[in-house]
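Trainee: next input, structure requested:
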Amino acid sequence: MGTWEPVAEQLLEERGARLVAYAAMLVARDGDAEDLVQDAVVKCFSRRRPVATVGEAEAYARRAMQTIVIDRARARGVRRRATDRAFSREPRTPDLDAGLDVRRALRELTPREQVCIVMRYFDDLPVAEIAVRLELADGTVKRYISNATNRLAPLLAGAVDWDTPPERVEILATRKGK
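Mentor: Purely as a prediction, here's the structure:
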């Protein structure tokens, strides 16, 4: 057995019920609470950080649960806002066609390139923020964006009018009260 396994077993035996009760306060359903504890324990012991005592492991698991709940809520919010934006206005045919072309082209990218491009141009995040969120170096994010842009250009040649600013900028500007 590795050095972490006895601590993990002891954590679940001695403090598992307490962790589930804590998780139940963070989530809506009891079944979700048990899943949250499992996810937190996996996160706690998968990073190979030295967790020597059950007390440390419990504190780490509680913090991991908080982070997981916040991350999941953010993800739900992002999906909800994206859906709201997608259906909040009636698209004109050229916009719809261009949007479909862009979505098809995005599928040709690697997952990391796709995420970086969407975060940069759809979410309008700066490179530094993307790097923080993805836990990557700024240069790595720049490389993904550059590679993706180079791959997208021939795929979208003629499909998108690059000289006309996209409508999403106007939507973002009105949302910010400008």
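Trainee: now the spatially most central residue of the chain: which helix or strand?
Mentor: Nearest to the geometric centre of the chain sits residue 75, at 5.9 Å (CA atoms, centre = their mean). Applying DSSP states H and E as the criterion places residue 75 in helix 54-87.
Trainee: number of nearby residues for residue 21?
Mentor: 12 (other CB atoms under 10 Å). From N, CA and C alone the C-beta is placed, and that goes for glycine too.
Trainee: cool, the one 3 residues further on as well?
Mentor: Neighbour count for residue 24, taken as other CB under 10 Å: 17.
Trainee: so who does it touch?
Mentor: 30, 33 (CB atoms under 8 Å, 6 or more residues apart in numbering).
Trainee: go on, residue 65?
Mentor: Neighbours of residue 65 in contact, by CB under 8 Å, 6+ apart: 19, 22, 23, 26, 36, 37, 39, 40.
Trainee: how about the last one, nearest residue that isn't a chain neighbour?
Mentor: In other words, residue 40. residue 64 (3.9 Å; CB to CB, 6 or more residues apart in numbering).
Trainee: same check on the third one?
Mentor: With CB to CB, 6+ apart as the criterion, residue 23 has its nearest non-adjacent residue at 3.8 Å, and that residue is residue 33.
Trainee: looks like the one you found contacts residue 27 (just checking).
Mentor: Yes - counting by CB atoms under 8 Å, residue 33 touches residue 27, with 5.4 Å between them.
Trainee: between these two, tell me which one has more neighbours.
Mentor: More neighbours surround residue 33 than the other of residue 33 and residue 27, with 20 against 17 (other CB under 10 Å).
Trainee: next, that one: secondary structure please.
Mentor: helix (DSSP: H, G, I helix; E, B strand; the rest coil).
Trainee: okay, and the nearest residue to residue 112 once chain neighbours are set aside sits in which element?
Mentor: Once flanking residues are discounted, residue 112 sits nearest to residue 144: 5.4 Å by CB to CB, 6+ apart. Assigned by DSSP H and E, residue 144 belongs to helix 138-156.
Trainee: now tell me which helix or strand of this structure has the poorest mean pLDDT.
Mentor: Lowest on mean pLDDT, DSSP states H and E among the helices and strands of the chain sits helix 167-175, with a mean of 43.
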